[in-house]
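Asker: Provided below are the primary sequence and the corresponding predicted coordinates.
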Amino acid sequence: MRPVLSLVFCILWVLPGWAAGLTYRLEPRLIAPGTYVFEGAVEHFTTQNGGNILNTGFIVTNDGVIVIQTGPSRRYGEEMRAAIAKVTDKPILKVFVSNQHPDYFLGSQAFADVPIAALPGTIDGIRVEGRAVTENMYRLIGDWMRGTDAVVPSEPVFAATQVYGRHRLRLIPLSGHTQADLAIYDETTRVLFAGGLVFSDRAPTTPHADIPRWLDALDELATLDSAVLVPNHGTIRTDNSAIAQTRDYLNWLTAALGRAADGGLDMTEVMALDTPARFASLAVLREEFIRSVAHLYPKIEQSVLSKVN
Amino acid sequence: MIRIAGLALAMALSAAPAAADQDATMDPFRSVMWDDMRAVILGGGAVLFDQRVRVTAPASAEDALNVPVMVDASSLNAESKVEEIVVFADMNPIPRILNYRPASAKPVIGLRLKLQQATPIRAAARTGDGVWHVGGVFVDAAGGGCTSPALAHGDPQWERHLGEVQARAWGQAADGAVRVRFRIRHPMDTGLAPGIPAFYLENLAVHDGQGQELGRIDTFEPVSENPVFTLEVSPSPASRTLRLTGRDNNGTPVLADIPLPWRQSALP
């Protein structure tokens, strides 16, 4: 009896371990010489995908490895680092975080021994909102977050071209998707890591958006002669068409919300509006549209009301 | 969780009885708070869970400080006039959000509210026979809306703008109804944020140009900061303006005249 009981206890003991045996199964994909991407799902944060909804990447140079974004959780960051170590034994030189949204930086604990670089606005954003954002991620993806804390990036980034091995990385400070959006253009391979500014076959998210500035940023990215564009969310493309797609959606969104406000629609009525057929191929379109109404409509609506006292 | 549910659940409409034969006296959300809500908010009156009271809200509150909700009980009106609508949220620390008495208005109200956590949001419409018809939606929320200080407290100038009204009216439906939206500058402090006493609008009324009352709202702490309301009122044809009056719990008055859109019937 006793051995049986012990066995039962053993199984009960390890069960949480099985449940926690979550893995992102990260497989690096080579997109250009020395340049790899871990592709995420085009979904929302769920307990199934563990928050793996973005494209992180790394560049192997002769000097060492440059990591771009650290993913949605400590577990992701650790698995990412292990997957990089399978590709190269070169040390990690630096991590870049493109903006303050949780899936860009919550894996940073796995890179605590190297400089983590971000724009000053991103550093401020993470300092102010990092804790609340982390707590909300626990609510959204649960156990995948175990042990995750927000890490404030340690090194401010300014407009510059930095050389690592043979790779010349142009660091481009922009804004509009959030208060500070870092795009990284590798002049050597012509790969553009567009950060949160470009969405590809996935509806853009707008919780910190300033759309006029975002459109300006897209214009600037469109001037780059990129051979491969890595959007943070959605499919990687070998042309600039994702920039046009993002611009088209943002223009439509602004115009549609403006028309709705002028027509007197209440927020819940705007959330129920149809989206044009040309956006039907964008993943999570309906959810993101509803979120965007919540983010953007109050201000647009105010602009059509007149002060009457 | 609800965030993942996709298209079908992305916007929640009144989740009244799932099956037609379901008992209309049984809470479709099986909320642990329902018995209290019924006793305290509805005074223990007769209750029917009724899909005709349409409550619309996003299934997940993107901003727990500003959750948009629209209540439309107009399909009850054909049977019996709606005398009062009470909006409440079971799991909020202060559940009661507002009472609306549409005198010469459709039983329709758009509002925004603060949520502390995931909760059913309900509207109970009382018809002339004294029965409460209850509709509702379940809204998921990251929470904290009721215990966060109002954004106004970050602005040293906020008192200067207290009671300012921005508004617009849209006309005119075939039945003479005018849609009006107004926004009132007010912090709507719940008293639950540390060190900030409760300070909120208590009542608002809309009259037409002839002084006829169109609707009256008792507002409570969970209404969002700088409240925005949408109403559908029926002013007399000769009215050129709507008068909005009200006051907060410190006695600060609200007074504004909202111009009505040009209406042919108003011409001599």
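Answerer: That came through, no problem. Numbers count the residues shown, from 1 in each chain, chains lettered A, B, ... in the order given.
Asker: Secondary structure element holding residue A:163?
Answerer: If you go by DSSP states H and E, residue A:163 is part of strand A:160-164.
Asker: tell me the angle of the following helix or strand past that strand relative to strand A:160-164?
Answerer: Tracing the chain past strand A:160-164, the next element assigned as helix or strand by DSSP H and E is strand A:167-174. Here strand A:167-174 points in a direction 150 degrees away from that of strand A:160-164 (axes from the mean of the first three to the mean of the last three Cα atoms, to 10 degrees).
Asker: Parallel or antiparallel, list what pairs with the helix or strand containing residue B:97.
Answerer: Using DSSP H and E, residue B:97 maps to strand B:96-102. Sheet partners assigned to strand B:96-102 using DSSP bridges are listed as strand B:82-89 (antiparallel), strand B:213-219 (antiparallel).
Asker: What's the mean pLDDT across the longest one?
Answerer: Across strand B:82-89, the average pLDDT comes to 98.
Asker: what do you get for the last one?
Answerer: When pLDDT is averaged over strand B:213-219, the result is 98.
Asker: Please, where are all the helices along the stretch 151-300 of chain A?
Answerer: A:211-222, A:241-262, A:267-271, A:285-303 (DSSP state H, counting those that start in this stretch).
Asker: I meant to write the stretch 51-200 of chain B there.
Answerer: For the stretch 51-200 of chain B, the helices defined by DSSP H, counting those that start in this stretch occupy B:74-77.
Asker: what's the strand holding residue A:163 packed up against?
Answerer: Counting contacts by 3 or more Cβ pairs under 8 Å, 6 or more residues apart in numbering or on different chains; DSSP states H and E, strand A:160-164 packs against strand A:167-174. Yep, even glycine has a C-beta here, placed from its N, CA and C like the rest.
Asker: who does the strand it packs on pair up with?
Answerer: strand A:160-164 (antiparallel), strand A:181-186 (antiparallel).
Asker: Contacts made by the first one with the rest, please.
Answerer: With Cβ atoms under 8 Å, 6 or more residues apart in numbering or on different chains as the contact definition, strand A:160-164 has outside contacts at A:59, A:61, A:63-64, A:66, A:93-94, A:168-171, A:187.
Asker: Of those residues, keep whichever come out buried.
Answerer: Among those, those scoring as buried are A:59, A:61, A:64, A:66, A:93-94, A:169, A:171 (criterion: 16 or more other Cβ atoms under 10 Å in any protein chain shown).
Asker: what's the most distant pair in these?
Answerer: A:64 and A:171 (17.0 Å; Cβ to Cβ).
Asker: Quick one: name the residues of the stretch 201-309 of chain A near chain B.
Answerer: Contact residues, the stretch 201-309 of chain A versus chain B (Cβ under 8 Å from any Cβ of the partner chain): A:207, A:263-264, A:266-269, A:271-272, A:286-287, A:290-291, A:294-295, A:298, A:301-302, A:304-309.
Asker: follow-up on the earlier one: can you name the residues in contact with the strand holding residue B:97?
Answerer: Contacts for strand B:96-102 (Cβ under 8 Å, 6+ apart): B:41, B:71, B:82-89, B:107-109, B:111, B:113, B:214-220, B:222-223, B:231.
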